[in-house]
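> Structure for the following, please:
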Amino acid sequence: MRSGLGSIGGAPAALTDLLARTRYALSDRAALHVLGAAGIVLFLLGVGAAVASGDLKIVAILIGLLAAPFLIALALRRPFLFPYGLYVVLVPFDNLLSLGSGGTLTKVTGALTILAVVIAIVRGRRIVRPAVTVPIAIVYAFWMLLTTFWAVDFGLAMQDVTTTFSLVALFVVLSIAPVEERDLRTICLMIVISGMAAALYGIWYFHQNPLSLDGRLFVDVSGRRIDPNGFADSLLAPFALALVGLVQSRRIHTLLGSLAALAVLGEGVLITLSREAMLACVAVALVVVLMSRRRLFALALMIPALALILLFVPAVLTRLTDALSTGGAGRTSIWQVDVHAWLQHPIFGWGAGSAFQAYSANLLRVAPHDFAGWDRPPHNVPLNLLLDGGLIGFLLVAACYVLMFRQLARIPRGDRLYDLRVAFTAAFVAIGIVSLFIDNATEKYVWLVLCSIAQLRVVARARSAPIEQLRGP
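Numbering: from 1, shown residues only. The predicted structure is shown next:
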């Protein structure tokens, strides 16, 4: 009996010793190289066999199974490269990645990012004291949840609230997680690469499919659509980063790479003929010129480029002049009705997801000069916030918007992070401009900019104070 008890008691010690020996063996670089090479060979053999079978589902499942150990290891060591890096790459294609039931592959990747970053925080036992924007964002999310009690359609309200909570959760986690400058710059590179990939896909789709009636890009793949305005707006942050890279370039490969990125991204915006996005691109250029030390160089690049665009793409001027004659494609009439609807519930709003119903309920009462149809969205984020969350919801978001600029302003000129400050200031201004003409409050490309600004704050503050003492607006 004693020998039996002794063997049972010795099992944990033996297991601990085995784990220690395994960890020591894996710490050897030669062993790691052998295991990595063996894994790559097995991966390629498996993919080849699956492709030969002709069943794409088997290919996807096999690739997932074979890649899982490597991806899990990467997620544990560098969660900002994976899964967050994958999330960044998928953002421009979000509407094409539907998995059914309102979910997308991007949303799943975002959930995995939250899990991986939280594990990294727990393992590292380090947490960054959040900026004031974090509790305000949390209060806003719960306020929108509260408004579901008086929302017109509870189902639609919960869809909006669920999306808001998932985006706020990602923002909160990335705001309190320590991140290195190299990871942040890698994320910025991924933003540019994903924007270029989306633009190239849009250009290919535009030239391979029949043109729409107004000659704009409308992506429609098996019923999954990307609105041309949303497509163009998702390219604004990559455009800002590429433009700053060009203006700040000191090496030929950086100069050429930035020029190529701007050419692709600019074409991606132009084929949509999105007035708001084109206006936002001009705003990006102005911000970069005003904040950059190389203003003359920037102007020497941008003025000829703008002249060439107006000369060779006359549809741009046509679209801009049409906006004046049509009231922004009927937007002014929609705003007239929405303002009347908001005044009925100015403080608490109509409830989450109720902007459509609020518009339709007041359309005949206002009877605008131009009839834009029933159940129209506000095409304006401030109005959408006022309708859904009332003045309370609007003020919470406005406070976050102002405080985000304060966070960026804390990075002084001459700091090595100043280029990122300029890029994200320009991107944030651009997002603010397009939000006046489209409902993008829950679009992932908007929150990608917000998360990047939050991570920039973390990197900037980490150099001037211990992690546990980090404070900020």
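> CA only for contacts and neighbour counts going forward, please
Fine.
> The stretch 201-350 of the chain: strands as residue ranges?
219-221, 224-226 (DSSP state E, counting those that start in this stretch).
> May I see the ones you listed organised as a markdown table, with distance to residue 136 and mean pLDDT added?
Formatted as a markdown table, those follow (distance: least, Cα to Cα, whole Å; pLDDT from 0 to 100):
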| stretch | distance to residue 136 | mean pLDDT |
| --- | --- | --- |
| strand 219-221 | 36 | 81 |
| strand 224-226 | 31 | 82 |
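> now those in JSON lines, with mean neighbour count and distance to residue 287?
Formatted as JSON lines, the strands of the stretch 201-350 of the chain follow (neighbours: other Cα atoms under 10 Å; distance: least, Cα to Cα, whole Å):
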{"stretch": "strand 219-221", "mean neighbour count": "15", "distance to residue 287": "30"}
{"stretch": "strand 224-226", "mean neighbour count": "15", "distance to residue 287": "28"}
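> can you tell which of these is closest to residue 75?
With Cα to Cα, the closest approach to residue 75 among the strands of the stretch 201-350 of the chain belongs to strand 224-226: 29.9 Å.
> Quickly run through the sheet partners of the closest one, with directions.
Using DSSP bridges, the strands paired with strand 224-226 are strand 219-221 (antiparallel).
> Assign a three-state SS to residue 174, would you?
helix (DSSP: H, G, I helix; E, B strand; the rest coil).
> Is it in contact with residue 455, as I believe?
Yes. Using Cα atoms under 8 Å, residue 174 is in contact with residue 455, at 6.5 Å.
> Give me the more crowded residue out of the two.
residue 174 (26 against 23; other Cα atoms under 10 Å).
> Following the host helix or strand of residue 122 in sequence, what is the next regular element?
Counting by DSSP states H and E, the element that carries residue 122 is helix 105-124. Counting by DSSP H and E, the element after helix 105-124 in chain order, helix or strand, is helix 133-147.
> for that following helix, packing partners?
helix 154-176, helix 381-409 (3 or more Cα pairs under 8 Å, 6 or more residues apart in numbering; DSSP states H and E).
> Redo the ones you listed as TSV? Include distance to residue 358.
Below are those laid out as TSV (distance: least, Cα to Cα, whole Å):
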stretch	distance to residue 358
helix 154-176	13
helix 381-409	7
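> closest to residue 298 out of these?
helix 381-409 (21.5 Å).
> helices and strands around the closest one, which ones?
Judged by 3+ Cα pairs under 8 Å, 6+ apart, the packing partners of helix 381-409 are helix 133-147, helix 327-342, helix 355-366, helix 418-434, helix 444-462.
> Can you name the residues that contact residue 176?
Contact analysis of residue 176 by Cα atoms under 8 Å, 6 or more residues apart in numbering lists 127-130, 458.
> Neighbour-wise, which one of the residues you listed leads?
residue 458 (29 neighbours).
> Now do that one against residue 385, distance only.
Between residue 458 and residue 385 the computed distance is 28 Å (Cα to Cα, to the nearest Å).
> Please apply the same query to residue 94.
Separation of residue 94 from residue 385 (Cα to Cα) stands at 23 Å.
> what about the two, which has more around it?
Using other Cα under 10 Å, the more surrounded residue of residue 94 and residue 385 is residue 385, with 29 against 21.
> just checking, residue 338 touches residue 383?
Yes. Counting by Cα under 8 Å, residue 383 is a contact partner of residue 338 at 7.1 Å.
> So these two - more neighbours on which side?
A count of neighbours by other Cα under 10 Å puts residue 338 above the other of residue 338 and residue 383, at 28 against 22.
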